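Asker: When you get a sec, could you give me coordinates for this:
(one chain, ligands or ions: 1)
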Amino acid sequence: MSKLKILKYGDQLLRKKSAEIKEISDDIRQLASDMFETMYAAPGAGLAAIQAGYPIQLFIIDVSQDKSGALALINPKIIDTGDKIIREEGCLSFPGIYADVKRFETVTVQYLDLNGRQKVLKAQGLASKAIQHEIDHLNGKLFIDYLEDWKRKILEKEIRRKKKSGDW
Ligand code: ZN
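Answerer: Numbers count the residues shown, from 1 in each chain. Take a look at the predicted model:
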């Protein structure tokens, strides 16, 4: 296993759409394994392959406190949603930046697991938030895109300050 470098906001790859995965090879499984190591070390609750420089439709989440909730999702599609709720959110590509984002409280997602089996998962709470956040990454969308202009400007100013101080 090896730790991956996480791309930070400003890297144009984060705006790219990820390609569907046609074949779930050992390389994909190795990448997922490296992503788990990287996410736990960060620490974080979710990581998309594109954040490590691989624009393919794979992401991982674990919203547990004890590494017991590890899930890898390939080619995910949201097939049902519930009501919306506002929660604070962060992102490993935005170290130290948090913002309130309105998302579905529950989502049902269809995906392939690392063995190519089709699965359906109904998620709520933190898992639902993480799944929606990571699926956005696969579409080149970032959580700050949801914010009102004035709020995003404040965060972008903070990011510029962090970049200047080498903290990004
Ligand atoms: Zn993120």
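
Asker: Tell me which residues of stretch 17-33 come out buried.
Answerer: For stretch 17-33, a neighbour-count test (16 or more other CB atoms under 10 Å) marks 18, 21, 24, 28, 31, 32 as buried. Where you see a C-beta, it was placed from the backbone N, CA and C, and this is true even at glycine.

Asker: Residue 121 and residue 108 touch, don't they?
Answerer: Yes - counting by CB atoms under 8 Å, residue 121 does reach residue 108; the two are 7.1 Å apart.

Asker: Among the buried residues of stretch 17-33, which are located in helices?
Answerer: Among these, the members falling in helices are 28, 31, 32 (criterion: DSSP state H).

Asker: Please produce CSV containing the residues you listed, extended by pLDDT and distance to residue 62.
Answerer: Shown next, in CSV, are these (pLDDT from 0 to 100; distance: CB to CB, whole Å):
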residue, pLDDT, distance to residue 62
28, 98, 18
31, 98, 16
32, 98, 12
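
Asker: avg pLDDT for stretch 78-87?
Answerer: Across stretch 78-87, the average pLDDT comes to 97.

Asker: Only the buried residues of that stretch, if you could.
Answerer: Of the residues in stretch 78-87, those buried by neighbour count under the rule 16+ other CB under 10 Å are residue 78.

Asker: Not counting residues beside it along the chain, what's closest to residue 94?
Answerer: residue 9 (5.2 Å; CB to CB, 6 or more residues apart in numbering).

Asker: Tell me who's in contact with that neighbour.
Answerer: 91, 93, 94, 97, 142, 144, 159 (CB atoms under 8 Å, 6 or more residues apart in numbering).

Asker: Just to check, the fourth one is in contact with residue 160?
Answerer: No - no contact is recorded between residue 97 and residue 160 when judged using CB under 8 Å, the distance being 11.8 Å.

Asker: what are the ranges of the helices in the protein?
Answerer: Under the criterion DSSP H, the chain contains helices at 26-41, 125-138, 149-164.

Asker: gap between the closest residue to residue 89 other than its chain neighbours and residue 133?
Answerer: In space, and not counting its chain neighbours, residue 89 is closest to residue 101: 4.6 Å by CB to CB, 6+ apart. Shown here: residue 101 relative to residue 133, a distance of 8 Å by CB to CB, to the nearest Å.

Asker: again, but for residue 141
Answerer: Residue 141 sits 9 Å away from residue 133, taking CB to CB as the criterion.

Asker: next one: residue 9
Answerer: The spacing between residue 9 and residue 133, counted by CB to CB, is 14 Å.

Asker: list residues touching both of these two?
Answerer: Here residue 9 and residue 133 share the contacting residues residue 91, scored by CB under 8 Å, 6+ apart.
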